[in-house]
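> sharing a model prediction with you, sequence too.
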Amino acid sequence: MTPAGLPFFVYGTLRPGEANHDLFLRGRIRSEGPGRLTGALLYDGPGYPYAVEEPGGGPVFGELVTAGAEEYDELLATLDELEEYAPGDPRNLYERVAREVTRTADGTAVRAWVYVAAPSVTAGLRARGKLIESGDWLSRR
């Protein structure tokens with residue numbers, strides 16, 4: 001699969017039952033299921049979480065979301081806007097990177113888009129952020 005057709009790994013407000021799931025994903029996805037990302041730590045943010053890449057860290061728990069073919073390009077653009085991501089922009093809050101995510105149901109590895117904290121955000125989180133030790137943003141409640 002080419003990078004343009006990758007599924008998305010969502011771990012915060014885009015998960016089922018969270019505020020942005022229905023707003024941004026309803027009617028645009030053909031499948032979703034639980035997954036986990038290793039090599040990252042999860043930090044609580046101002047109403048949403050940040051995954052920070054950290055070799056040996058994790059897992060971070062979330063959902064693997066596969067867009068419908070006709071909705072893919074629009075969904076990619078919409079999620080980039082939601083996550084305040086623009087390629088090469090130093091003001092990004094997140095960077096969109098392709099990473100291996102494990103499907104919880106069968107243990108298979110899948111390459112997926114993941115929005116991780118941008119370098120400037122990462123530095124602040126490592127210095128004074130609140131780590132979500134469980135790796136599951138939903139457990140913070």
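The structure has been received and is ready for your questions. Residues are numbered from 1 along each chain as shown.

> alpha carbons only for contacts and neighbour counts from here, please
Will do.

> so for stretch 67-75, mean pLDDT?
Confidence for stretch 67-75, expressed as mean pLDDT, is 90.

> and the end-to-end length of it?
End-to-end span of stretch 67-75 (CA to CA, to the nearest Å): 7 Å.

> which stretches of this structure form helices?
Assigned by DSSP state H, the helices in the chain fall at 19-24, 72-82, 119-128.

> for the ones you listed, which one sits closest to residue 38?
Distance to residue 38, taken as CA to CA, is lowest for helix 119-128 among the helices of the chain, at 16.6 Å.

> what distance separates the closest one from the middle of the whole chain?
17 Å (CA atoms, centre = their mean, to the nearest Å).

> that helix packs against which elements?
For helix 119-128, there is no helix or strand it packs on, judged by 3 or more CA pairs under 8 Å, 6 or more residues apart in numbering; DSSP states H and E.

> separation between residue 14 and residue 85?
For residue 14, the distance to residue 85 - CA to CA - is 16 Å.

> now do the contacts for residue 40.
With contact taken as CA atoms under 8 Å, 6 or more residues apart in numbering, residue 40 is in contact with 51, 52, 53, 54, 55, 56, 57, 58, 59, 60.

> rewinding a little: residue 94: which of the helices of the chain is closest?
Closest among these, once you apply CA to CA, is helix 119-128, at 8.0 Å.

> for that closest one, give the mean pLDDT please.
Averaged over helix 119-128, pLDDT sits at 93.

> list the buried ones in it?
119, 121, 122, 125 (16 or more other CA atoms under 10 Å).

> picking up where we left off before, could you dump the helices of the chain into JSON lines with distance to residue 105 added?
Putting the helices of the chain into JSON lines (distance: least, CA to CA, whole Å) gives the following:
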{"stretch": "helix 19-24", "distance to residue 105": "21"}
{"stretch": "helix 72-82", "distance to residue 105": "24"}
{"stretch": "helix 119-128", "distance to residue 105": "30"}
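
> right, I'll leave it there.
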